[in-house]
Every structure is written in structure tokens, then in C-alpha cells.
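Colleague: Have a look at this prediction, sequence included:
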Amino acid sequence: MFAKEMVELGNQRSVIRELFEYGNQRAKVVGKENVFDFSLGNPSVPAPQWVGDRLQELLDTQSPMALHSYTSAPGDMQVRNAVATDLNHRFGTQYSGESLYLTAGAAAALCACFRALTESPTDEFVAIAPYFPEYKCFVEQGAGATLRVAEADTKEFQIDFDQLEQCLNPNTRGVIVNSPNNPSGAVYHLETVQRLAQLLERKSKEYGHPIFIISDEPYREIVYTEETPFLPNYYKDTLVCYSWSKSLSLPGERIGYVLVPPTVTNAKEAYDAICGAGRSLGYVNAPSLFQKVIACAGGHKAEVEAYRKNRDLLCEGLKQAGYSFAVPQGAFYLFPAVPGGNGEEFSKRAMKYDLLVVPGEGFGCPGHIRISYCVAEDTIRRALPLFTKLMEEYQSSAKQ
Ligand code: PLP
């Protein structure tokens, strides 16, 4: 009676949700402070003061009709122009609001892109492991295409170009790029981006149609060293999916965009396809109130210091305990290799200590775990001895 695929999808809880629910149950037994929940990517830094001030100002000065009405489907043009101006200022581009389609977060932006680019069920998109697991359902159940996965470069979590090239074929419509990356925290170096652009230009020519980059950028502002190269400046067929979920700690407010730069092949048609995809998905328009808030986001930097402090504390503690990992340069995740080489088993064993970490298997990268360090600093301090105990447990069972 109902679509079997959808029933299954609705029934399956992600591993991350399972862990989160388990943590809530354990909190009732052992107390919230004794559960070390590193499972979710919910920002731990509060939304900046200016966001609250702007909301208050809007409520004080504008009529409810002006605040809560529908906007035009791609978003209020003044807001889109303000976002374009900020991008131009930062990245030396010359966009106008006409290139932006505002969405309910990066997830909706991604779904609109996959839907817009899928012409036939044989179409394919490529994710580069480790990757955000929701891509599979957005591409396959959402757009009716297929997701291929290029195996990870587990040393630095840049791109393994041999693996990527093996995934490309004439059915490839796009490659999903996520830098800074969830779950590895890697930021692609300029050299990686340039090499990626060269590969895709060559393959696009060979296949006689463009392979798009779908650049998933909710962590763009959360970087600790180098800036993330802005992909449209290196590869013309790039669609950018952005949100303020992480940079302004507004994940529940659902606000983001698709940028369709004028450089993309058949840009007008591409933009129309994004609008059409949004329409077919029933998006109507991005939340009006938060459109008005993010119009003022230009010039405000994301608060990354608390995350940097957590990262340094965690990296130092885990290094001393004998874990190996690539030091994350962005986002708020650490992705160490686990002793024993099995992320699922490690995650299960960690639960004995009320330590909740996500197995890397779901991110297409076995033998690792994801630790979300968007938590209180004290949680990390108190969890480090438990990570050490776990490592010792593995070391002593290896000796036996
Ligand atoms: N892409 C990645 C890599 C993410 O980690 C997330 C959320 O955690 C999203 C997309 C979805 O972002 P949003 O909440 O803005 O829809």
C-alpha cells in the first residue's frame, strides 16, 4: 500500500540517531554528565549575539505580514543580493542575487541539485569517502540516480585520484565535494582542488558533457588554518550548496542556498532546473524570517575558537594514548583509525564506558570512528582517560 523503499527509509534509524537515543536512555540511569556523547554534529557554540539582536530588531520594527509571508520561491531578492555581495567581497566574484536560490539548509540545496541534474535512472553521482551518509538517500531515493563511492585516501583524507577516476564514466553527472569534510575534518588543499578540476575538465571533454561539482559547504567557515579554496574560482561547472547551520549555529532554523554561478554550462537552464527541482519537491520558499536574518551575515566571522581548543585538547590526549589520525583542519570532527581495525566493534566496546562514537563504516571508511568534538571542553577532559583505557584493553588483548 505504501512505497516499500520509503517505509524502509523511514523505519531505519541512522547509527548516529541510535547512539543519540541510547545516550538519552543511559543518561536516565547514570546521569547526563556521565554519558560522553560524541555522536552528533550539533554546534556547541551558541548562535552569535548579533543574530538575537537582529531577530529582536525585526520583531520590533516590521509587521507580522512582512515577517512571515511567503517570499518569491528562490528567496527575497534583497536578501539574495546581500548574500551575493558578501560572496563577491570575499571571493572576488561578480555574482548577483539572480544566481542564488535560497533553501531550507544545505540538505535541501543538495536535494535540489541532484534532482535538477538527474535526467535518467542510469545517471550517477560520485561521493568521495569518507562521506556524509545522507548523500546516498538524497541521490538514490530522492533523485532516482545512483551513488558511487570513491575509496578514501586514509592517510591525509585528501582525494585518491586513481580511485576517483575509476568511478567516472559517461553516466557521471556530478562529483560531490565536501571540504571541510564531515567526518574527517580534512580541508582540501589548493593543489587537490586544481588536480580535481583538471581531471573533471578532461573527463567532461572525453564524455562530451559537463561533469558538475556539487560542493557541499556547510563547514566552509569552520577552518583552523588555511581558507577553503572557493571551488567556482577553479572549476566553472560548480554548484555550491551552503548553509548557516554550522557557521552561525542555526541548524534548526533551516537556512542555506544553492549558488549557480554564471560560469556553469547553460547557466540559465541550470538555474531554472534548480527552481523546478525545488518546486517539484514542494520547497515553496526558504524560511522567511531567517532569510531576513542571514541578509546581515556578511562581515561576521564564525566563532571557531572553542572548536579549535577542543580539537587541540582531543588530539593531544588521543595522541598520547596511542591513536593515529590526521589532524583536522576544519569542521568539528576527528576521524581516528581504531585499534583492531573495526570501527563498529570499537564503537560497541566504547559504549561500555558510556563513550558514544560513530563507526566509520557508515561513512564508507571502515576501521575508523568519528568523534564529534562540538561538546563542552569538560566532556573531552573527562572522556580522555576512557579512550586511553580502551586503547589499553585492545593492546592487552593483542598481546594474549
Ligand atoms: N552536508 C554535510 C556534510 C553535513 O554534515 C550536514 C549536516 O550535518 C549537511 C550537509 C546538512 O546541513 P543542513 O543542516 O544545513 O541541511
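Modeller: Thanks, I have the structure now.
Colleague: how far out from the middle of the chain is stretch 21-37?
Modeller: Offset of stretch 21-37 from its chain centre (CA atoms, centre = their mean, to the nearest Å): 26 Å.
Colleague: Next, the distance between the ends of it.
Modeller: Start and end residues of stretch 21-37 are separated by 10 Å (CA to CA, to the nearest Å).
Colleague: Output the below-cut-off pLDDT ranges for the stretch 301-400 of the chain.
Modeller: The stretch 301-400 of the chain contains no residues with pLDDT under 70.
Colleague: so where do the strands sit in it?
Modeller: Secondary structure of the stretch 301-400 of the chain (DSSP state E, counting those that start in this stretch): strands at 333-334, 355-356, 358-359, 369-372.
Colleague: Quick one: those strands as CSV, columns for distance to the ligand too.
Modeller: No exception for glycine: its C-beta is placed from N, CA and C like everyone else's. Formatted as CSV, those follow (distance: least, CB to the nearest ligand atom, whole Å):
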stretch, distance to the ligand
strand 333-334, 9
strand 355-356, 17
strand 358-359, 12
strand 369-372, 10
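Colleague: CSV for those, including mean neighbour count?
Modeller: Shown next, in CSV, are these (neighbours: other CB atoms under 10 Å):
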stretch, mean neighbour count
strand 333-334, 26
strand 355-356, 22
strand 358-359, 26
strand 369-372, 27
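Colleague: Output these in a markdown table; the columns should cover distance to Arg173.
Modeller: Formatted as a markdown table, those follow (distance: least, CB to CB, whole Å):
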| stretch | distance to Arg173 |
| --- | --- |
| strand 333-334 | 28 |
| strand 355-356 | 36 |
| strand 358-359 | 29 |
| strand 369-372 | 28 |
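Colleague: Asn181: neighbouring residues, count only.
Modeller: 27 (other CB atoms under 10 Å).
Colleague: Nearest to Tyr131, out of the strands of the stretch 301-400 of the chain?
Modeller: strand 369-372 (11.7 Å; CB to CB).
Colleague: Can you give the strand pairings for that closest one, parallel or anti for each?
Modeller: strand 333-334 (antiparallel), strand 358-359 (antiparallel) (DSSP bridges).
Colleague: Looking at the ones you listed, spot the one closest to Asn34.
Modeller: strand 358-359 (19.6 Å).
Colleague: Please list the outside residues in contact with the closest one.
Modeller: Contact with strand 358-359 is made by 15-16, 19, 38-39, 183, 343-344, 346-347, 368-370, 372, as judged by CB atoms under 8 Å, 6 or more residues apart in numbering.
Colleague: All set, thanks.
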